[in-house]
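Below: sequence and its predicted model.
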Amino acid sequence: MRDEDIVSFKAAMEAAFEVNHFEDVNFFLGLELTWSPNGDAVCVGQRKYSHTILERFGMEKTRSAATPMEERYRDKLFLDEDIYEFKPLPAIGALLYLSVISRPDLATAIRLLAQETERPTRVVEDGINRVILYLNGTRDFGLNSSNVMKADLSCIVMLLFRWNWGSKKQSMVTLSSTEAEYIAMGTGVQECIGLNMVLKDLRMEAGEILVFEDNQGAQHLAESKAVTQQSRHINTKYHWLRQKVKEHEIRIQYCPTSEMVADHFTKPLGTIKFKHFRDELGVRRVGVLDQNGASSPIGQRSGDSSSIDD
């Protein structure tokens with residue numbers, strides 16, 4: 001975004017509203033922002049809100065957990081059919097807000113637990129408690145981004161769009177993993193194209209969208225014009241993805257499943273794989289940023305002395 005565009009935007013806002021000017025944005029819509037000295041790196045966290053959750057459920061002085069959900073959670077849930085009398089919604093609601101704002105590492109656990117609110121069992125209660133235990137050990141974690149932009153309007157826009165995550169069940173039944181991945185790819189690309197349009201309106205550079213895909217069949221389906229016996233039943237509306245590839249609006253690149261960060265949002269992972277993908281997502285301890293954007297902790301993390309592992 002050009003400097004003159006920023007000046008013009010500020011002038012328009014000042015003409016319509018009473019505006020106060022501050023140098024660095026430290027709080028924005030409930031987010032805590034920590035900037036590097038040169039302003040091109042930022043940590044986004046919700047330490048205060050995390051501490052409020054721990055106090056609310058009386059777990060601020062408990063041990064911590066290495067991951068927010070056991071890798072065997074689904075197996076245990078399948079075996080536990082006895083309805084247990086407790087109210088999961090207050091805890092899930094509080095944690096859901098955290099997971100969609102600044103903590104994508106909580107998203108999978110909260111999504112799976114939220115599916116069981118109508119038939120809560122002991123396993124569900126244990127699952128909620130484990131998420132809170134994990135939060136106790138990572139209360140000062142947040143999203144860390146280096147080399148974004150200077151602390152101006154452009155940076156705020158990039159903060160809103162740099163991280164966008166989610167996972168949900170598909171609304172239709174598919175006949176193969178290739179078909180399922182193909183449709184899911186289209187859903188993700190729709191989101192990216194929408195964000196690109198906003199960036200273009202703000203006169204910010206929005207180039208070709210790079211899509212990482214671990215299903216080579218789905219990649220071939222998107223890049224090919226052929227209609228095969230295995231794909232001829234797919235509704236025509238899903239093939240708009242091919243048009244975007246042809247127009248060079250998107251480019252698909254194969255990514256091995258072992259390196260697919262999106263795998264973080266599909267199922268509970270073991271400790272080693274979970275922490276690897278968490279790092280790849282940029283979820284790290286929020287602290288004081290140095291000149292290079294590296295974060296050093298503000299204080300000792302709670303719960304490090306005792307930790308639950310899978």
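Here it is on my side, so go on.

the helices in the stretch 51-200 of the chain, which residues?
All helices of the stretch 51-200 of the chain, identified by DSSP state H, counting those that start in this stretch, fall at 73-79, 89-101, 107-114, 122-137, 153-162, 177-201.

how about these, which one is nearest residue 273?
Distances from residue 273 to each of the helices of the stretch 51-200 of the chain were compared using C-beta to C-beta; the shortest belongs to helix 107-114, at 12.3 Å. For the C-beta atoms, the positions are set from N, CA and C on the backbone; glycine is no exception.

pLDDT weak spots in the stretch 201-310 of the chain?
Residue ranges of the stretch 201-310 of the chain with pLDDT under 70: 287-310.

want to throw the helices of the stretch 51-200 of the chain into CSV with distance to residue 37 and mean neighbour count?
As requested, the helices of the stretch 51-200 of the chain are arranged in CSV below (distance: least, C-beta to C-beta, whole Å; neighbours: other C-beta atoms under 10 Å):
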stretch, distance to residue 37, mean neighbour count
helix 73-79, 42, 14
helix 89-101, 26, 17
helix 107-114, 32, 21
helix 122-137, 29, 21
helix 153-162, 15, 17
helix 177-201, 27, 16
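
Would you single out the least confident of those?
Within these, the stretch with the lowest mean pLDDT is helix 153-162, showing a mean of 44.

still on that earlier bit, figure out which of the helices of the stretch 51-200 of the chain is closest to residue 50.
With C-beta to C-beta, the closest approach to residue 50 among those belongs to helix 122-137: 5.8 Å.

contacts for the closest one?
The list of residues contacting helix 122-137 from outside it, by C-beta atoms under 8 Å, 6 or more residues apart in numbering, reads 50, 53-54, 57, 59-60, 62-70, 73, 76-77, 80, 82, 84, 86, 88, 91-92, 95, 98, 106, 109-110, 112-113, 116, 301-304, 307-308.

how about the nearest residue to residue 172, chain neighbours excluded?
When the adjacent residues along the chain are set aside, residue 172 lies closest to residue 183, with 7.3 Å between them (C-beta to C-beta, 6 or more residues apart in numbering).

Cross-check the contact I'm expecting between the one you found and residue 176.
No - the pair residue 183 and residue 176 does not pass the contact test of C-beta atoms under 8 Å, sitting 10.8 Å apart.

I'd like to know which of the helices of the stretch 51-200 of the chain is closest to residue 267.
The stretch from these with the least distance to residue 267 (C-beta to C-beta) is helix 107-114; that distance is 6.9 Å.

So which elements touch the closest one?
Counting by 3 or more C-beta pairs under 8 Å, 6 or more residues apart in numbering; DSSP states H and E, the packing neighbours recorded for helix 107-114 are helix 89-101, helix 122-137.

just how off-centre is the longest one within its chain?
Helix 122-137 has its average C-alpha position 19 Å from the chain's average C-alpha position, going by C-alpha atoms, centre = their mean, to the nearest Å.
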